[in-house]
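Novice: A predicted structure for the sequence below; I have some questions about it.
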Amino acid sequence: MIVLLTGCRLKKIDTFCAGGTACPDRGLHRVALMLLLCLLAWAAPAQARSLQTIRASGELRVGVNPNFPPMSSFGPDNRLAGFDVDIARRIAAALGVRLSLVPTEAAQRVPFLVSGRIDMSMGALTITPERQALIDFTIPLHTEAMGVITTDRLPVRRWQELDRADVTLVNMRGNQSVAFLQEKLPQPRRLLVDGNADTIRAIAQGRADALVENTDFFIGFTKQYPAIRWRVLPDPIFASWCSIGVAKGNDSLRAALDAILYRLHRSGAVDAIWRRHYGASMTVPVSAERIAPARDADRRVVAPGEQATGYRFDWSDVLAKVPYLLGGATVSLAIASIAFWGGAVIGFGCALGKLYGNPAVARGIGGYVSLFTNTPALVQIFLLYYALPDAGVKLSSFTAVAVGLTLNAGAYLTEILRAGIASVRHTELEAGMVLGLSRGGLVRHVMLPHVIRTVYRPLANFFIILVLGSSMAALFGVEELTGRAINISTTNLRTIETFAVTGLIYIALTLIASAALAGVGRALFATHRRRWVR
Amino acid sequence: MPPDLSGQLAALLTWSNAEFLVGALARTLAMTVIGCSLGFAAGFAIAVLRRTRAAWLAPARWAALLFVETFRRVPFLVTLILALFATQQIAPELSLLGIATVAATLAATAYLSEIVGAGLGAVPDLQREGAEALNLSAWQTFWLVVLPQSWRVILPPAAAFMVMFVKDTSLASHLGVVELTFSGKILINRGFSPVLGFGAVLILYFLISWPLGRLAARLETILAPSQRS
């Protein structure tokens, strides 16, 4: 709300940078605000498919993680395979329907169930109270024994010894261990990444020292780094249970799954499939009393029919975390500023080189510009972040993003500034030379004032683009605005609310930045105009 | 997976990997082309709507302004995430590729409507007043006077936007759409060196973007000469 009203007060200033858009007056803004609120408050109820509907459709839609070997991952034939896939196949066969695998990232498991996109979710879904409020769980499918994977670099023997400020723990967003670690091991720094493989890679490349997670799941990735001396601390910290998730209130499906899982456990099929993929039995077996509640699942009385699982908005959690998000916004601004000023220096140098340098220099600069402007900044930063450590250069996630965006901005700014410099008239430069200005003096007193005036507006727009572009830092674990929003939404599972608020913060941020830049622009150039026109 | 790069390169250059990468490339292009085409149509409509003066259209103009300013000031990554979770409520059957295309369309609409708007605004008012003096209707003025003069101004930046947008779709990898960037991630999770996995992806992006960029630049020299003095 504040955002839109601010936008209104700044309307005239804003037109300077927003491409001359008209802005309606204050009363009309309120109508627009109402429209926005209506949009946000509206949600159609989604449907979870009951057992009967699934049987009638002949297809069971199962969410599995696409990057989680040996649970489920794309094999050499680029098809999904693993423990979860084999279990899902058994379940579909027992239900007498086709199996349809839906790639579902860790953070998408609960939302996809709630929406009915998938009928059941796998992917090592740990039973937690937060999730139980939103979805239902079957009896456990497997356990996860929380342990520590580290290397010989870190001389610790028990997990409690990890509670030191000079230790960096890597973890995966959306995993329940994130909250556990904050409580039990508050001291270490943390690095949050998005994929299972990324955690082990972070330790191998020296960005983190240890991973506190289910060792069964992650130990497989260590094979990709045979040069590292990997260690698993012996005592498991605790065990928890992973189940298959179904939509809340979908009791008919849950009862059927309970009965199938009970039989798969009792016949030893789960253990056999586990050993096939992990090479050993579970560290902590699923005990008989854990599966006992499902013994009579077949005879459980379930009301037939569809169950609506509408989505109700809950803004309380994200609103309480607005200060945390605003802290992230300052990090976003910092990244954008670094990239902007670094890129401006590179761009100015390259633009001069391209216009006045010798042909070889100009060609080199041309190559740099076309390489960086024709490929995504995201992939450039991926390369800096993941490939440079193999060459012995280890950048932190913040540095990698800052360097990558700076190089990217440098390429684009070369083009913008080149146009500006090319517009400096030769007569002006000649006049400067006649007055006996040195080369540096020509650049400082003749060229720069002219260039800055011509390119000020495109530069201001480019800064706004950088503020928005800095959001990709989130994908490398930098806790800026988007990164913090992902952190919040993977914990409170209120993604729409969290990102609606985040979007409003971005709108406010860019409106304020546009207004400030426009103000500076007018202050700088108004005096010039008066002096020159009159 | 062989530890040396040349061995890995041989392992990468298989028929099934080529098929996989070409499929990913096709999805990258599909998001761009569909997103930008729908976005151009919708953006054109919004730009025309915002230039109307009729009082009864005022609410539509405010809605258009709100839409454009929202999607131009929210990062595409946030738009993608919001689209993913909002479509879970509205259309849970839509594929991830479909969702990413919807997000691409929203963003492209906002940006392209600005480009079209600037093009329509570049036609001097004198032209419009002249048409009015000749008793042309509003529709005739638009169709016979404004549009023929403005499309030369609109097309080059619109083409440049589309070329730029190819690269922005890489963010859809965060949703799990198996487009080019995500296919690079899958390759390195299978054990390929990041230099090879992301290097291959980088080259493929360059191979699409560079020729398209040249084409857009040519378009500008062909169409725009009359604009320069």
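Specialist: Looks like it arrived, so ask away. Numbers count the residues shown, from 1 in each chain, chains lettered A, B, ... in the order given.
Novice: residues in contact with the lowest-mean-pLDDT helix or strand in chain B: which ones?
Specialist: Every helix and strand of chain B was ranked by mean pLDDT, DSSP states H and E. The lowest is helix B:5-12, at a mean of 85. With contact meaning Cβ atoms under 8 Å, 6 or more residues apart in numbering or on different chains, helix B:5-12 is reached by B:M1, B:P2, B:L187, B:F192, B:S193, B:V195, B:L196, B:A200. To be clear about C-beta, it is placed using only N, CA and C from the backbone, and glycine gets the same treatment.
Novice: please indicate which of the residues you listed are buried?
Specialist: B:L187, B:F192, B:S193, B:V195, B:L196, B:A200 (16 or more other Cβ atoms under 10 Å in any protein chain shown).
Novice: could you confirm the fourth one falls within a helix?
Specialist: Going back to what we said before, that points to B:V195. Yes: per DSSP: H, G, I helix; E, B strand; the rest coil, B:V195 lies within a helix segment.
Novice: tell me the SS of the residue nearest to it when sequence neighbours are not counted?
Specialist: Closest residue in space to B:V195, ignoring its immediate chain neighbours: A:A387 at 4.4 Å, by Cβ to Cβ, 6 or more residues apart in numbering or on different chains. At A:A387, secondary structure determined by three-state DSSP is helix.
Novice: wait, isn't A:A387 in contact with B:F198?
Specialist: Yes: using Cβ atoms under 8 Å, A:A387 is in contact with B:F198, at 6.6 Å.
Novice: export the contacts of helix B:5-12 to JSON lines and append columns for pLDDT.
Specialist: Output for these, formatted as JSON lines (pLDDT from 0 to 100):
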{"residue": "B:M1", "pLDDT": "68"}
{"residue": "B:P2", "pLDDT": "71"}
{"residue": "B:L187", "pLDDT": "88"}
{"residue": "B:F192", "pLDDT": "87"}
{"residue": "B:S193", "pLDDT": "87"}
{"residue": "B:V195", "pLDDT": "90"}
{"residue": "B:L196", "pLDDT": "91"}
{"residue": "B:A200", "pLDDT": "94"}
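Novice: number of nearby residues for A:I465?
Specialist: 16 (other Cβ atoms under 10 Å in any protein chain shown).
Novice: pLDDT score for residue 213?
Specialist: Let's take chain A. For A:E213, the pLDDT comes out at 87.
Novice: look at chain B instead
Specialist: Per the predicted model, pLDDT is 92 at B:G213.
Novice: which stretches of chain A have low pLDDT?
Specialist: A:1-47, A:174, A:300-311, A:527-534 (pLDDT under 70).
Novice: that one - how does it break down into domains?
Specialist: Domain ranges of chain A: A:2-41, A:47-142+A:239-308, A:152-235, A:316-526, per automatic domain parsing.
Novice: could you dump the ones you listed to JSON lines with distance to B:L65?
Specialist: Converted to JSON lines, the domains of chain A look like this (distance: least, Cβ to Cβ, whole Å):
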{"stretch": "domain A:2-41", "distance to B:L65": "7"}
{"stretch": "domain A:47-142+A:239-308", "distance to B:L65": "31"}
{"stretch": "domain A:152-235", "distance to B:L65": "35"}
{"stretch": "domain A:316-526", "distance to B:L65": "13"}
